[in-house]
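S.K.: Next come a sequence and a model predicted from it.
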Amino acid sequence: MLIPSIDLKGGQVVQLVQGRDLALASDDVFAWVQRFEGFPKVQVIDLDGAMESGANDFLVRRICRALPCRVGGGIRTVERARYVLAGGARAAIVGSSLFRDGQPDVGFARALAEAVGAEHVIAAVDSFEGRVVVRGWREATGVSAADAVRALEPYCDEFLYTHVDTEGLMRGIDMEAVRAVRDATTRRVTAAGGITTREEIESLDRLGIDAVVGMAIYTGTLEIAPPPPA
């Protein structure tokens, strides 16, 4: 399944390359919201929240009223997860707070799952050069993505694996890296990071993996249409 991504920064829809370099920005957020109507899942990431440079709560809540959204970016406490879910998100995507001192923070993961329900938690595991990275991909931990998902599996319903090495580059994702994460867990896995072609999405689908796509959609490289009703 293709999951379109809406990344927000400074009240705009943006696309970054490897989380650093601004490639695209649009003030017309709701033109994109309209474009993604009909998709069963849409991913919204508040990059200001992720980078600790602010928040786009008003926009996120408006988007959640219009689309079936999973929301992430800066969710570092149980209270923040509850706030996002109360605002209409179907699931909270939690990343950096699941790690402490370079290792999975199982205590926080358990507390979060008990508070909001594991079925409402998507654990974001982002990897660069073979190690999980946190805090807007600026800090490396000491664990691999596969080891992280093994530790966090009891406390979430799904993993969002982002291969930062290829994020935003539109050169395709590392399928072996994605497969290693898929093989380490029984939970559903969604992949992101440079996915560009319909063939890649179909290959991931055959592995039971959904594909989050951003840059290829926003540049017009990948034509999209919502799937037909089941």
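M.R.: Sure, I can see it. The shown structure was predicted, so the numbers you read here are calculated from the model rather than taken from an experiment.
S.K.: Could you use CA atoms for every contact and neighbour count after this?
M.R.: Noted.
S.K.: residue contacts, the residue nearest in space to the middle of the chain?
M.R.: Centroid check for the chain by CA atoms, centre = their mean gives residue 160 as the closest residue, at 5.4 Å. Counting by CA atoms under 8 Å, 6 or more residues apart in numbering, residue 160 makes contact with 93, 122-126, 189-192.
S.K.: Let me know the closest of those residues to residue 213.
M.R.: residue 192 (6.6 Å; CA to CA).
S.K.: re the thing from before, tell me the first helix or strand C-terminal of the helix or strand hosting the residue nearest to the centre of the chain.
M.R.: Remark: residue 160 resides in strand 158-163, with elements defined by DSSP states H and E. Per DSSP H and E, the first helix or strand lying C-terminal to strand 158-163 is helix 175-183.
S.K.: What average pLDDT does the very next helix or strand once past that next one get?
M.R.: Note on helix 175-183: by DSSP H and E, the next helix or strand toward the C-terminus is strand 188-192. Across strand 188-192, pLDDT averages out at 97.
S.K.: what's the angle between strand 188-192 and helix 175-183?
M.R.: Using axes from the mean of the first three to the mean of the last three CA atoms, to 10 degrees, the direction of strand 188-192 lies 160 degrees away from that of helix 175-183.
S.K.: who does strand 188-192 pair up with?
M.R.: Using DSSP bridges, strand 188-192 pairs in its sheet with strand 158-163 (parallel), strand 209-213 (parallel).
S.K.: Include mean pLDDT and distance to residue 65 when you put those into a markdown table, please.
M.R.: What follows is these, written out as a markdown table (pLDDT from 0 to 100; distance: least, CA to CA, whole Å):
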| stretch | mean pLDDT | distance to residue 65 |
| --- | --- | --- |
| strand 158-163 | 97 | 23 |
| strand 209-213 | 97 | 20 |
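S.K.: If we go by neighbour counts, what in stretch 147-166 is buried?
M.R.: Residues of stretch 147-166 classed as buried: 147-166 (neighbour count, 16 or more other CA atoms under 10 Å).
S.K.: Residue 225 is in what secondary structure piece?
M.R.: For residue 225, there is no host helix or strand (DSSP H and E).
S.K.: Roughly how far does it sit from residue 196?
M.R.: Per CA to CA, to the nearest Å, residue 225 is found 15 Å from residue 196.
S.K.: Between these two, which has more neighbouring residues?
M.R.: residue 196 (23 against 12; other CA atoms under 10 Å).
S.K.: Now do the helices in the protein.
M.R.: 29-35, 47-50, 57-66, 78-86, 106-116, 145-152, 175-183, 198-206, 215-218 (DSSP state H).
S.K.: could I get these as CSV with mean pLDDT and distance to residue 8?
M.R.: Formatted as CSV, the helices of the chain follow (pLDDT from 0 to 100; distance: least, CA to CA, whole Å):
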stretch, mean pLDDT, distance to residue 8
helix 29-35, 96, 9
helix 47-50, 92, 6
helix 57-66, 97, 8
helix 78-86, 97, 15
helix 106-116, 98, 24
helix 145-152, 98, 25
helix 175-183, 97, 25
helix 198-206, 96, 24
helix 215-218, 94, 13
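S.K.: Among those, which comes closest to residue 139?
M.R.: For the helices of the chain, the distance to residue 139 is smallest for helix 47-50, at 12.4 Å, taking CA to CA.
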